[in-house]
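Enquirer: whatever this is, show me its structure:
(one chain, ligands or ions: 1)
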Amino acid sequence: MEGISEIQRPAHVPLSRLIDFDIYQPLLAGKDFHESWKALQDSELPDIVWTPRNGGHWMVLRGRLVSEVLSDYSRFSNHTVLVPKDTAGEAYRLIPLSLDPPAHAPFRNLLSNGLSPKAVGGVEGAIRRLTVSLIEGFRLRGNCNFTHDFAEQLPIRIFMQIVALPIEDMPRLKYLADQFTRPDGTMEFKDVRIHFHAYIAPVIAARRGQDGTDMLSRMINGKVHDRALTDEEAANLCIQVLVGGLDTVVNFMGFVMLFLARDPAARRKLAENPEHIRIAINELARRFPLVTVARELRADIEYEGVALKQGEMIVAPMILHGLDSTENASPMNVDFNRDEARHSTFGNGSHVCPGAHLARTETRILLEEWLARIPEFEIAPGFEITYTGGIVGSVNTVPLVWEPASTRAVSA
Ligand code: HEM
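Expert: Presented below is the predicted three-dimensional model:
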């Protein structure tokens, strides 16, 4: 791109706020995914900047502002949550994420039940059984491709069970979900939407009016203001749940296991004190956030001394909240004894992630069962870890090795 002063920018954007940054390509040479974002936050930039990439948008760089932009729907609307607004944003008008209060709540209620602590409690036994069986499948081998052999198996299989969709459809749905969150250029956004609709329409038709108890059936047959959902609403609600559930936990687990493989002290602390794992998950969520979304300006406003115009997009990277040193001391350190881990890893405000309890439960059970069986492990020597930026950031492959003799057979 040309020199910063020559970049095309709207007349109201001051040069001092102009940066050249692509939220989908945040990686810097020699830095990992989170270090790259952190470097942006730590550079001498104003708290609110404007980049011409991805259609041109504002971006906040401080935790305080991330949390405010995410939750203040009176100024920052969920009508469009992805950039570029005209392509990704347009294709991703899903329910309930693209609705602002008060329209949001009745749709959100339809999906909350299926992901509530009670509902997750109902599948906890299945999560633990599958976790143990996957780990036992490779424990004595002394190695695994954690990403493929575990992270892409457990959350997705459990999720497919919750929504009662056939496991054979998993690769197709995961591919489509990834095209929204980390597009690889093989499909246009509008086509992702078309393919998702083609998949879900017959599912809705088959479950409508039936007494299925799976999460999709309950949603499809739910009511909003005493009326049934239209087919379009039902499809957008189902697709939202599929996109939310298929990719996020996979990547969170990848980041967590990468960290534990490289940090023997943290690993041993949790292995020796499994009762600390539940609390440790929150610190791990703070340190390894993944999501970056945007909001649309409802009206012309002045915000923190900057003129923002109606219809413009403002990106609020959840990633930057927990990593901000004004929110958490020594934010790049994982500190299981931190008094309070402040973050927006699961969002903030009315759209806060309804799947967070499921995600935390699956990750907790992974650590409980893994560390009890394979307390010592590391990254396969010589393997270069790589990352991909996106709406959901990703660590591409995490290959782990260990001494089979150091593992333990634990009865489930
Ligand atoms: C580590 C795992 C996860 C992370 C980091 C995560 C993160 C997020 C974030 C940041 C938001 C808010 C987006 C916004 O405000 O624009 C969100 C919303 C959402 N998430 Fe998650 N999520 C995770 C797991 C899940 C799972 C497992 C499901 C479903 C099974 C799910 C379903 C949803 C849905 C449906 C929404 C939209 C809620 C609404 O609009 O009211 N998420 N998630």
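
Enquirer: go through the chain and flag its longest helix.
Expert: helix 231-262 (DSSP state H).

Enquirer: close to the ligand, is it?
Expert: Yes. On the criterion CB under 6 Å from any ligand atom, helix 231-262 is in touch with the ligand at 240, 241, 244, 245, 248, 249, 252. In this view, the C-beta of every residue, glycine as well, is placed from N, C-alpha and C.

Enquirer: ok, and the closest non-adjacent residue to the residue sitting nearest the centre point of the chain?
Expert: Geometric centre of the chain, nearest residue: residue 248, 4.0 Å, by CA atoms, centre = their mean. Among residues not flanking residue 248 along the chain, residue 392 sits closest, at 5.7 Å (CB to CB, 6 or more residues apart in numbering).

Enquirer: again with residue 172
Expert: Residue 172's closest residue in space is residue 199 (CB to CB, 6+ apart), at 7.2 Å.

Enquirer: what about that neighbour, distance to residue 94?
Expert: 14 Å (CB to CB, to the nearest Å).

Enquirer: neighbour-wise, which of those two wins?
Expert: Applying other CB atoms under 10 Å to residue 199 and residue 94 shows that residue 94 carries more neighbours, namely 22 against 18.

Enquirer: so, low pLDDT: which residues of the stretch 1-150 of the chain?
Expert: 1-6 (pLDDT under 70).

Enquirer: closest residue of it to the ligand?
Expert: The minimum distance from the stretch 1-150 of the chain to the ligand, using CB to the nearest ligand atom, falls at residue 97 (3.7 Å).

Enquirer: any idea of the angle the helix or strand hosting residue 268 forms with helix 231-262?
Expert: Assessed by DSSP states H and E, residue 268 sits inside helix 264-272. Orientation check (axes from the mean of the first three to the mean of the last three CA atoms, to 10 degrees): helix 264-272 against helix 231-262 gives 110 degrees.

Enquirer: ok, then the element right after helix 264-272?
Expert: That would be, after helix 264-272 and using DSSP H and E, helix 277-287.

Enquirer: flag every buried residue along that next one.
Expert: Residues 277, 280, 281, 282, 283, 284, 285, 286, 287 are the ones in helix 277-287 that count as buried (16 or more other CB atoms under 10 Å).

Enquirer: what residues does the protein have near the ligand?
Expert: By the rule CB under 6 Å from any ligand atom, the part of the chain lying against the ligand is 70, 81, 96-97, 108, 111, 115, 159, 240-241, 244-245, 248-249, 252, 290-291, 293, 318, 345-347, 351, 353-355, 358-359.

Enquirer: for the ligand, what is the nearest residue in the stretch 151-300 of the chain?
Expert: Closest point on the stretch 151-300 of the chain to the ligand, by CB to the nearest ligand atom, is residue 244, at 2.5 Å.

Enquirer: and the residue lying closest to that residue once chain neighbours are set aside, how far from residue 297?
Expert: Spatial nearest neighbour of residue 244, excluding adjacent residues (CB to CB, 6+ apart): residue 355 at 5.6 Å. Taking CB to CB as the measure, residue 355 and residue 297 are separated by 28 Å.

Enquirer: next one: residue 324
Expert: Distance, residue 324 to residue 297, by CB to CB: 23 Å.

Enquirer: also residue 150?
Expert: Relative to residue 297, and taking CB to CB, residue 150 is found at 41 Å.

Enquirer: same thing with residue 369?
Expert: 46 Å.

Enquirer: higher neighbour count, these two?
Expert: residue 369 (23 against 20).

Enquirer: count of neighbours near the residue of the stretch 301-412 of the chain at minimum distance from the ligand?
Expert: Closest to the ligand within the stretch 301-412 of the chain is residue 355: 2.2 Å, counting by CB to the nearest ligand atom. By the criterion of other CB under 10 Å, residue 355 has 21 neighbours.

Enquirer: so what's it up against?
Expert: For residue 355, the contact set (CB atoms under 8 Å, 6 or more residues apart in numbering) comprises 115, 244, 245, 248, 249.
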